[in-house]
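**Student:** sequence and predicted structure below; questions after.
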Amino acid sequence: MTSPLASRIVQISDTHLSRRRPFFHHNWELLVDLLAAEEYDLIVCSGDMTTDGSDFEDELAFAAEQFRRIKRGVLFVPGNHDIGNSLPDVRGGESVITAERREAFIRHFGADFWVREFGTSLRLLGLNSMLFGSGLPAEAEQNEMIRAAASARDGRRLMIFQHKPLYLASATDDKPTQGSLYPEHRNRLRQMLSTAGEVTICSGHIHDYKTDVWDNLQQIWAPSTAFVIDTSGLLYPRYGVRRVGYLRHVLEGGRLGQEFVEPDCFIGMDLGNWMRAPGGFHARYAKEPLRGLVLEERAACRTE
């Protein structure tokens, strides 16, 4: 049993909220109620608050409005769906990070990278994992923040929140993939954290729950609250537990642990079948910009 004196951070990730494409709103409504009943000191959302925020700023505004329904403090880091993916675009056809997309994110969610002291034992860092290799001026600013936080810890342990994991299968992965930090960015971050003692890095993006250790870097991947992708592993490798939920990070007696919370009331939506039908709705929805407006008109009719 957790002591009442323990400190708790709830990590939620990949909510994928959208006014235009409200596919995943069922779990969100349940999550708002669940968090109202949770005992915690802070919530961190590790990216992809939106489905289309990188292309439509009003989707950022919609998601930010939804998060204000959570009455206690929430910190955010951007995901690729919020701000654009990493540069260079190794997959092709991606929305990628730009100064304009970054500024739009900041308008609605606040700083895209930050540092916070948490109690007397933890220093929290929020990182914009799409800044690595972007060439934007903010990349150098973020790197300087990382170095400063790692070198003058005052006895605190570093706990980092970022959207992308360090790697998918292994730290020896040497091919760039939009699913994780590119190898050169991963190694640069590792170097900046090499003298920081034991560091915990919490990410999202893959919609799997997994833990791993690489040198002094303990890694924790959060599940999505919205959906999973290919539960059976027919198309994509499984990197961990592929179920919807969220995490509790518990600091007790100087020890940091985590719990995977899998609410019974969540719908475990699997997008694997969407991926296997590339001609289906999921593949077409971005080309149907009026669909969201139609949904709004129908909602207005029901309230009259």
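**Tutor:** Right, received. Where do you want to start? Residues are numbered from 1 along each chain as shown.
**Student:** quick one: low-confidence parts of this protein?
**Tutor:** Along the chain, segments meeting pLDDT under 70 span 1-5, 275-304.
**Student:** looking at it, which helix is longest?
**Tutor:** Scanning the chain for the longest helix, with DSSP state H as the assignment, gives helix 137-151.
**Student:** show me the contacts for the nearest residue to Asn143 once chain neighbours are set aside.
**Tutor:** Nearest residue to Asn143 in three dimensions, chain neighbours excluded: Met192, at 6.8 Å (CB to CB, 6 or more residues apart in numbering). For glycine as for every other residue, the C-beta is placed from the backbone atoms N, C-alpha and C. Contacts for Met192 (CB atoms under 8 Å, 6 or more residues apart in numbering) come out as Asn143, Ile146, Arg147, Ala150.
**Student:** what does Leu127 give?
**Tutor:** Val77, Phe113, Gln142, Ile146, Ile160, Phe161, Gln162.
**Student:** how much space between it and Lys164?
**Tutor:** 9 Å (CB to CB, to the nearest Å).
**Student:** one step back: buried stuff in the longest helix of the chain?
**Tutor:** Buried residues in helix 137-151, counted by 16 or more other CB atoms under 10 Å: Ala138, Glu139, Gln142, Asn143, Met145, Ile146, Ala149, Ala150.
**Student:** distance to Thr177 for those residues - can I get that in a markdown table?
**Tutor:** Output for the buried residues of helix 137-151, formatted as a markdown table (distance: CB to CB, whole Å):
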| residue | distance to Thr177 |
| --- | --- |
| Ala138 | 23 |
| Glu139 | 20 |
| Gln142 | 21 |
| Asn143 | 22 |
| Met145 | 26 |
| Ile146 | 22 |
| Ala149 | 27 |
| Ala150 | 26 |
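**Student:** what ranges do the helices span in this protein?
**Tutor:** Under DSSP H, the chain gives helices at 25-37, 57-67, 80-83, 99-109, 137-151, 183-192, 272-275, 281-284, 291-303.
**Student:** turn the ones you listed into TSV, including distance to Val261.
**Tutor:** Converted to TSV, these look like this (distance: least, CB to CB, whole Å):
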stretch	distance to Val261
helix 25-37	8
helix 57-67	18
helix 80-83	23
helix 99-109	23
helix 137-151	28
helix 183-192	28
helix 272-275	23
helix 281-284	27
helix 291-303	30
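**Student:** winner for burial among those?
**Tutor:** helix 80-83 (a mean of 28; mean count of other CB atoms under 10 Å).
**Student:** just the CA coordinates of that helix, formatted as PDB?
**Tutor:** Provided in PDB are the C-alpha atoms of helix 80-83 (Å, rounded to 0.1, in the frame of the first residue of the first chain):
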ATOM      1  CA  ASN A  80       4.200  15.000 -33.500                       C
ATOM      2  CA  HIS A  81       0.400  15.400 -33.900                       C
ATOM      3  CA  ASP A  82       0.600  18.700 -32.100                       C
ATOM      4  CA  ILE A  83       3.600  20.400 -33.500                       C
END
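**Student:** just the strands from the chain, written as ranges.
**Tutor:** Assigned by DSSP state E, the strands in the chain fall at 7-12, 42-45, 74-76, 114-118, 122-126, 157-161, 199-203, 210-214, 217-221, 246-252, 255-261.
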